[in-house]
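S.K.: This is a predicted model, with the sequence first.
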Amino acid sequence: MDAISLIIRSIFVDNMIFAYFLGMCSFLAVSKNVKTALGLGIAVTFVLVLTLPINYLLENYVLKAGALVWLGEQYATVDLSVFSLLIFIAVIASFVQLVEMVIERFSPALYASLGIFLPLIAVNCAILGGSLFMQQREFANIGMATAYSFGSGIGWMLAIVGMAAIREKLEYSHVPKPLKGLGITFIITALMALGFMSFSGINI
Amino acid sequence: MNRENSGYTIIYASVMVIIVALGLAFTHQVLIEKQTANVNIDKMQQILRSLNIDASADEARSQYDALVKNAYLINSDGTKIEGTEGTTPNDPAFSTELGSDDTAGLPVYEAEVEGTAIYILPMRGAGLWGPIWGYLAVEGDGSTVYGSEFGHASETPGLGAEIVTPTFRKQFIGKELFKEGNFVSVAVVKPGRSAANRDYVDGISGGTITSQGVDKMLLNSVGEYKSFLMNLQAAQ
Amino acid sequence: MALSSKTKAVLLGPLNKNNPIIVQVLGICSALAVTSKLEPSLVMAISVTIVVAFANVIISLLRKTIPNRIRIIVQLVVAAALVTIVSEVLKAFAYDVNKQLSVFVGLIVTNCILMGRLEAFALGNGPWPSFLDGIGNGLGYGWILVVVGFFRELLGSGTLMGYQVIPQSFYEAGYENNGLMMLAPMAILLVAVIIWVHRANNKELQEETN
């Protein structure tokens, strides 16, 4: 039950884009049509769901102060948290590379549609942001962490697909010249974010 | 040397990782002392804020030393554990972290403001996203709240995170933890609502779960000090 | 020291015509959430400038030795190491600000400006131009952040750097702080306004399609 409410919360209330602006670069660059937006959304969710639990395990059994206690009592005071950023980003980057190679080898069709996004994902703030929030929020177990990663990914996908849909329709409207393109996209993002804020009152 | 050679790549990566790791470990070692000092000063500032004093980081230590006269651990029936007295960061009361299982007792800070004794009780609970914590200053009668301080790790900015603002905290001043001899805590209710037979304060609109977290934290964390507070009342 | 015109372009271009945020659309992610107050915006701007400049220098020095296959990972490791150092220093010397910045310091690593500059500039240029390029881009990014932080704090809390600047008499006359400014979406809206003003003045940057 907790996991479900966590998923809903991370999709609507603490949406990666609308509440924290994570992953904005690719959000703005790849939201011109719905199909590619969906592809990127799926790729982000996929990588997030796979890397966040790995980082959760690393955080709780290697990096955190006292996390190495399972090796023996004498390691109880070891605190490796200074390396956490380095390890997280290394996990994400190598994972993205791995996924890219696996997909390329076994499913060229999927690679053709998803492949171009994968290099973009290593530096997508939403992925690293997910891991850093996981570190800060101290989830009770790996199930909760996975639920959170899934919710965040879906929330990100929802945002980018919605944005792309609006931008497709926007073709036909008269936007003041200096606002064309980037400017109006920012304003729409802000308005969508305001809309999403109305979810923050709900009690889940 | 061929840059695309696997052996070269592996050696390159290993050497880089070792250099980076050494560099980071070194920086960490150099700065750790200063960081711990900051954490301690931050804790002192929080304790002072529960006494309604906003101290800057520079004055925190001297203010804390001037006001907090004693600190110790108590056991579950509310009596002081011998040999745990002391207010400095190395003493058990200050270094005890609530929330870990193996603590020897519950920390209490005893302050003296304008000649009257104030007891400061640390609290810890869960908000929407992560841990929340706080300090509740209780007057010598063991029931009236003198002041409060709240902190959070990652509540939503503008909503749940508002629990740290003075507007929210100051509401607690003067509320009673006990009604007719029973511990009822202070309720945090939705703005506009009220609570029967208990003193209450307005929660944060839009920060429902965090407000409930504060409510639960007051009930549970301060509840653990029930016997200690009853002892104070009996001593009156 | 006189700067050659090329050096000048490298350093000053990003402040205006080549601004990373409002023209190149890079690096919006990690930063806007910290602009609700001026002070964290400033610290963020300085941190990003330092990290971009030094990462640029390091990558530029290493550029002849990096194996192409692990290029991205090498860049990320250098960036992550620098960011960790910045975050450790902040924890030691600016503890309060560090608390406000929370995870967003760490997110400098994935700031697209950083990776963008490393890929696009440092891999092909010497250390000194790379350093200037880093400083330029950091500042170009920083001034947007500071402008957004300035307006959000001024209109949202009536303070600047924590000091009250809107006089009490205004409040007595019925002025109210605009709470909306404190909410995250307003940061985005302010950037949109900056883009609007900037493009109204630089017609060649205007886009043809929506």
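M.R.: Received, thanks.
S.K.: least trustworthy helix or strand in chain C by mean pLDDT?
M.R.: The weakest-scoring helix or strand in chain C, judged by mean pLDDT, DSSP states H and E, is helix C:5-12 (a mean of 74).
S.K.: Give the buried residues for that helix.
M.R.: Buried residues in helix C:5-12, defined by neighbour count with 16 or more other Cβ atoms under 10 Å in any protein chain shown: C:7, C:9-12. For glycine as for every other residue, the C-beta is placed from the backbone atoms N, C-alpha and C.
S.K.: again with stretch B:73-82
M.R.: Residues of stretch B:73-82 classed as buried: B:73-74, B:78, B:80 (neighbour count, 16+ other Cβ under 10 Å).
S.K.: what about the chain, any weak spots by pLDDT?
M.R.: If you meant another chain, say so; for now it's chain A. The model of chain A has pLDDT under 70 over residues A:1, A:113-117, A:119-120, A:200-204.
S.K.: other chain: chain B
M.R.: Counting by pLDDT under 70, the ranges of chain B that qualify are B:1-3, B:99-103, B:156-158.
S.K.: Which residue of chain A lies farthest from its centroid?
M.R.: Residue farthest from the centre of chain A, counting by Cα atoms, centre = their mean, is A:Gln74 at 36.9 Å.
S.K.: any idea how far chain C is from that one?
M.R.: Distance of A:Gln74 to chain C, given as Cβ to the nearest Cβ, to the nearest Å: 26 Å.
S.K.: picking up where we left off before, can I get the buried residues of stretch B:73-82 in a markdown table including secondary structure?
M.R.: Supplementary listing: the buried residues of stretch B:73-82 in a markdown table, determined by DSSP: H, G, I helix; E, B strand; the rest coil:
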| residue | secondary structure |
| --- | --- |
| B:Leu73 | strand |
| B:Ile74 | strand |
| B:Gly78 | coil |
| B:Lys80 | strand |
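S.K.: what's the farthest-apart pair in the residues you listed?
M.R.: Comparing every pair within the buried residues of stretch B:73-82 by Cβ to Cβ identifies B:Leu73 and B:Gly78 as the most remote, at 11.4 Å.
S.K.: Just confirm B:Ala195 is within a strand.
M.R.: No. When the secondary structure is assigned by three-state DSSP, B:Ala195 falls in coil instead of a strand.
S.K.: so who does C:Gln164 touch?
M.R.: Taking Cβ atoms under 8 Å, 6 or more residues apart in numbering or on different chains, we find C:Gln164 in contact with C:Gly158.
S.K.: go on, B:Glu4?
M.R.: C:67-69.
S.K.: Would you check how far apart C:Leu155 and C:Leu190 are?
M.R.: Taken as Cβ to Cβ, to the nearest Å, the spacing of C:Leu155 relative to C:Leu190 amounts to 10 Å.
S.K.: follow-up on the earlier one: would you list the phi and psi of the residue farthest from the centre of chain A?
M.R.: As for A:Gln74, its main-chain torsions (degrees, to the nearest 10) stand at phi -70, psi -10.
S.K.: do the same with the one 4 residues further on
M.R.: In this entry, A:Val78 is assigned phi and psi values of phi -70, psi 130 (degrees, to the nearest 10).
S.K.: Find the nearest non-adjacent residue to it, please.
M.R.: By the measure of Cβ to Cβ, 6 or more residues apart in numbering or on different chains, the closest residue to A:Val78 outside its immediate chain neighbours is A:Leu68, 4.9 Å from it.
S.K.: Verify the stated contact: the one you found with A:Asp79.
M.R.: No. No contact is recorded between A:Leu68 and A:Asp79 when judged using Cβ atoms under 8 Å, the distance being 9.1 Å.
S.K.: Between those two, which has more neighbouring residues?
M.R.: The residue with more neighbours, out of A:Leu68 and A:Asp79, is A:Leu68; 18 against 14, by other Cβ atoms under 10 Å in any protein chain shown.
S.K.: list the contacts for that one?
M.R.: Residues near A:Leu68 by Cβ under 8 Å, 6+ apart: A:61-62, A:75-76, A:78, A:80.
S.K.: repeat that for 10 Å
M.R.: Contact analysis of A:Leu68 by Cβ atoms under 10 Å, 6 or more residues apart in numbering or on different chains lists A:61-62, A:74-80.
S.K.: Tell me the buried residues in stretch C:122-134?
M.R.: C:122-123, C:125, C:127, C:129-134.
S.K.: What helices and strands are in contact with the helix or strand containing C:Arg199?
M.R.: C:Arg199 belongs to helix C:185-201 when assigned by DSSP states H and E. Other elements packing on helix C:185-201 under the criterion 3 or more Cβ pairs under 10 Å, 6 or more residues apart in numbering or on different chains; DSSP states H and E are helix A:16-20, helix A:182-197, helix C:127-157.
S.K.: Distance from the chain centre to that helix, please.
M.R.: Here the centre of helix C:185-201 is set off from its chain's centre by 15 Å, with Cα atoms, centre = their mean, to the nearest Å.
S.K.: Quick check: B:Val108 is in a strand.
M.R.: Yes. Checked against three-state DSSP, B:Val108 lies within a strand.
S.K.: How much space separates it from B:Gly181?
M.R.: Computed with Cβ to Cβ, the distance linking B:Val108 and B:Gly181 is 21 Å.
S.K.: Over to B:Ser56?
M.R.: For B:Ser56, the distance to B:Gly181 (Cβ to Cβ) stands at 41 Å.
S.K.: go on, C:Leu114?
M.R.: Distance, C:Leu114 to B:Gly181, using Cβ to Cβ: 62 Å.
S.K.: So between these two, which is more surrounded?
M.R.: C:Leu114 (31 against 8).
S.K.: List the residues that contact the more buried one.
M.R.: Going by Cβ under 10 Å, 6+ apart, C:Leu114 touches A:123, C:20, C:26-27, C:30, C:48, C:51-52, C:55-56, C:75-76, C:78-79, C:82-83, C:108, C:134, C:137-138, C:141.
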